[in-house]
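Asker: Mind looking at a prediction? Sequence and model below.
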Amino acid sequence: MISSEFFNKENLSLYQPSAEVQKQTGIDQQAYNLGHQILTKAWPELNDKSVLDRDNEDKKILNAYVDTNVDNPKEAWKFRGTRSMARNRGLALHAHLTSGFLFPLISAQDQNNDEDRGVGDFMQDMLLWMGNNSNYRESFLQIVMGILTSPAIFMGAEYAEIMQKIKQKTDNGWTTIEALDEELSGFRAPVYGVSEVLITNAYVQNIQRQTCVIKERFLDYSDAQKKYGNHDNFQFVQKGINSVLNVSDGLFYDNYDPDNSDLVKETIIMWRGEDFEIPYLGGIYLGDDDVNYNPMKHRDNFGLPKYDVIPFGYNRISEHYFYFKSAMNAWSWDDKLIDALYENYMNGEFMFRNPPIAITGEDNVDTSIMFPGAQFVTQNENTKITSLLPQRQDNMFQAIKMAEDSMKEASLSDTQMGQLPEASQKAFSVAKADQTAKIILKGVGQALGLSIIQYGRLMVDIAVNHLSTAQVEEISGVAGRIKYRQFVLPKQISKGKNITKVLRFGENLIGRSMNKKQKENYALTLFEEAGDDKTIMVLNPEMAARMRYLVTIDFEEMFAENKEYRQKLLARMYAMLRQDPLIDAEVLTRKLMHELFRSEGDEMIKEQNDIEQIMKEFQSGLQPNIFQKIPIENTDKLRAMVGV
């Protein structure tokens with residue numbers, strides 16, 4: 001908090017906006033202060049720590065932080081370290097949860113609540129394109145790492161079109177033009193730390209029900225200029241300076257931030273219930289000239305405003321509390337106990353190997369003779385040397401094992417972390433531990449999946465509101481016709497074949513209705529255009545906006561498949577189903593080839609004309625054996641490969 005002494009003439013800002021802006025800034029500043037109080041208040045749900053303190057402490061656990069500073073020299077000899085048990089299990093959990101990227105699954109319903117699989121499949125591929133052409137995957141990795149250490153971590157779903165200035169050579173030298181900045185534009189999935197998103201109610205879990213949500217982050221001045229440089233108030237924006245409103249006199253004062261002297265603080269305050277969103281740079285208002293008209297940027301396909309950030313966490317603490325318990329928090333007591341036991345054990349080892357002794361008598365026995373194999377002979381019968389240590393206890397390892405077992409019960413088993421089980425362990429016990437760990441892992445995945453479902457809804461909103469809309473195509477520098485975008489997904493698997501999917505929003509379908517025959521003719525036209533290596537899907541953009549979308553998640557995606565097991569399974573299925581009349585033999589073969597050889601599998605499949613001729617011969621009995629045309633030296637190898 002800023003003290004009253006700060007508000008003096010020396011700190012008076014050049015930025016002094018209108019009364020309307022001043023009033024709105026005061027309201028937003030109150031919401032900001034409330035959000036900051038929630039972050040800094042001690043909560044019983046977090047063991048009487050604040051959100052920020054809990055976040056800081058749990059990050060230290062993951063980073064295996066050890067305070068080695070010792071004020072008392074007599075204590076300097078003691079062992080200080082960590083077994084990093086929580087860290088090791090946290091990194092193993094991260095590897096399991098990110099072995100497959102969780103991606104939302106989309107289904108579509110029309111106004112009669114009937115499922116439209118075509119629109120659902122199109123939108124599913126549309127979201128896949130968005131994920132492949134943005135930072136979604138790297139953000140997902142950061143999110144999963146964040147749930148290990150933070151009471152909450154947030155992922156945003158944002159869309160922007162930001163221009164940059166580029167130099168272009170001309171006949172008369174060069175000129176500066178504006179072009180779309182591909183790095184900052186389009187769909188983006190930024191990650192916000194727990195301190196970068198503020199809420200106004202700590203006991204409302206659904207973020208869409210929060211009265212106000214505030215996002216803040218620090219930008220490079222050049223990035224801030226690209227995004228807000230056209231606003232009249234940008235002239236007041238300075239690096240490392242935040243303008244603060246003094247409510248008592250209604251004036252703004254500049255506060256210098258030495259920790260971020262080269263950056264600009266962006267604060268976006270959103271009021272969903274009032275459809276209100278205002279950006280501030282360093283405390284300077286950058287909203288609309290009409291203060292009362294600042295609609296929220298993110299809206300669903302029916303035009304309703306929504307917050308564009310979703311919280312993620314390890315598991316819920318209670319049925320109402322907004323923040324989560326991180327993995328490091330859940331394992332912290334076991335981790336501390338294990339470290340304390342190891343410290344005691346190591347310190348005991350140091351003591352027993354260099355024991356303190358009490359000497360009575362006249363002889364001088366000092367450290368000069370304290371080394372392995374030393375002999376001390378005295379003729380003074382009054383000299384006595386007595387160890388100060390009690391009799392050594394050997395149950396320390398048992399206590400350590402009990403503490404480690406306690407942590408295993410709440411996390412992954414040893415075999416899931418890549419360790420071989422001990423010879424004394426029975427197979428049933430190992431399998432039972434693995435099964436229990438999988439249940440725990442699936443529970444964590446469900447919490448993660450529920451947040452992905454909410455995030456998938458935001459992605460659908462962006463696809464409908466921004467990617468399905470027409471763009472003006474410039475021809476020779478002159479505004480030209482309206483054009484809808486085309487989206488290409490290469491290397492997709494369809495019926496076991498490696499193809500390219502092309503997604504289009506068809507402007508020729510707007511306002512048009514087709515009967516069954518016309519739809520078949522249109523589909524045939526697209527089929528002929530696509531050829532053998534493409535699939536073209538076209539969607540009416542008006543239909544995309546009218547649909548209701550249901551978002552689900554496949555929790556099995558987070559578990560890595562056993563490729564060896566899947567290959568053997570497909571090989572056996574090939575042997576059993578190859579001659580089944582209900583099975584498409586070509587698709588079955590392509591599935592097996594792709595599983596064994598990935599993208600090179602298509603090269604081993606014969607051309608379509610050859611396939612049709614072979615199938616005719618096979619069905620007519622002219623080719624009863626699938627290995628008939630294979631050289632005899634390769635037959636045994638292929639038989640083994642397909643499991644026959």
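Answerer: Nice, thanks for sending it over. Numbering: from 1, shown residues only.
Asker: For the helix or strand containing Asn242, give the mean pLDDT please.
Answerer: Using DSSP states H and E, Asn242 sits in strand 241-246. The pLDDT scores in strand 241-246 average 93.
Asker: In its sheet, which strands sit next to that strand, and in what direction?
Answerer: Using DSSP bridges, strand 241-246 pairs in its sheet with strand 251-256 (antiparallel).
Asker: Now do the buried residues in the partner strand.
Answerer: Judged by neighbour count using 16 or more other C-beta atoms under 10 Å, the buried positions of strand 251-256 are Leu251, Phe252, Tyr253, Asp254, Asn255. The way it works is simple: take the backbone N, C-alpha and C, and place the C-beta from them, glycine included.
Asker: Let's have those residues in JSON lines, adding distance to Met537 and pLDDT.
Answerer: Below are these laid out as JSON lines (distance: C-beta to C-beta, whole Å; pLDDT from 0 to 100):
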{"residue": "Leu251", "distance to Met537": "58", "pLDDT": "94"}
{"residue": "Phe252", "distance to Met537": "53", "pLDDT": "95"}
{"residue": "Tyr253", "distance to Met537": "57", "pLDDT": "95"}
{"residue": "Asp254", "distance to Met537": "55", "pLDDT": "93"}
{"residue": "Asn255", "distance to Met537": "54", "pLDDT": "92"}
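Asker: what's the closest of those to Asp461?
Answerer: Closest approach between the buried residues of strand 251-256 and Asp461, by C-beta to C-beta: Phe252, at 35.5 Å.
Asker: residues contacting the closest one?
Answerer: Shown in contact with Phe252 (C-beta atoms under 8 Å, 6 or more residues apart in numbering): Leu12, Ser13, Tyr15, Gln16, Pro17, Ser243, Val244, Leu245, Asn246, Gly283.
Asker: now, among those, which is nearest to Gly173?
Answerer: Nearest to Gly173 among these: Tyr15, at 38.2 Å, using C-beta to C-beta.
Asker: The closest one against Ser243, yeah?
Answerer: Yes. Between Tyr15 and Ser243 there is a contact at 5.2 Å, judged by C-beta atoms under 8 Å.
Asker: Give me the more crowded residue out of those two.
Answerer: Ser243 (24 against 21; other C-beta atoms under 10 Å).
Asker: Go ahead and confirm the more buried one touches Leu251.
Answerer: No. The pair Ser243 / Leu251 is not scored as a contact, 10.0 Å apart, by C-beta under 8 Å.
Asker: List the buried residues for stretch 296-310?
Answerer: Met296, Lys297, His298, Arg299, Asp300, Asn301, Pro305, Lys306, Tyr307, Asp308, Val309, Ile310.
Asker: export it as CSV, just CAs?
Answerer: These are the backbone C-alpha positions of stretch 296-310, laid out as CSV (Å, rounded to 0.1, in the frame of the first residue of the first chain):
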residue,chain,number,x,y,z
MET,A,296,-15.9,-7.0,-23.0
LYS,A,297,-13.7,-8.4,-25.8
HIS,A,298,-14.5,-12.1,-25.4
ARG,A,299,-18.0,-13.1,-26.2
ASP,A,300,-19.7,-16.5,-27.0
ASN,A,301,-21.3,-17.3,-30.3
PHE,A,302,-24.6,-15.7,-29.0
GLY,A,303,-22.9,-12.4,-28.2
LEU,A,304,-22.8,-12.8,-24.4
PRO,A,305,-19.7,-11.6,-22.5
LYS,A,306,-17.3,-14.0,-20.7
TYR,A,307,-14.1,-13.9,-18.8
ASP,A,308,-11.2,-15.1,-21.0
VAL,A,309,-9.1,-16.8,-18.3
ILE,A,310,-9.6,-20.2,-16.7
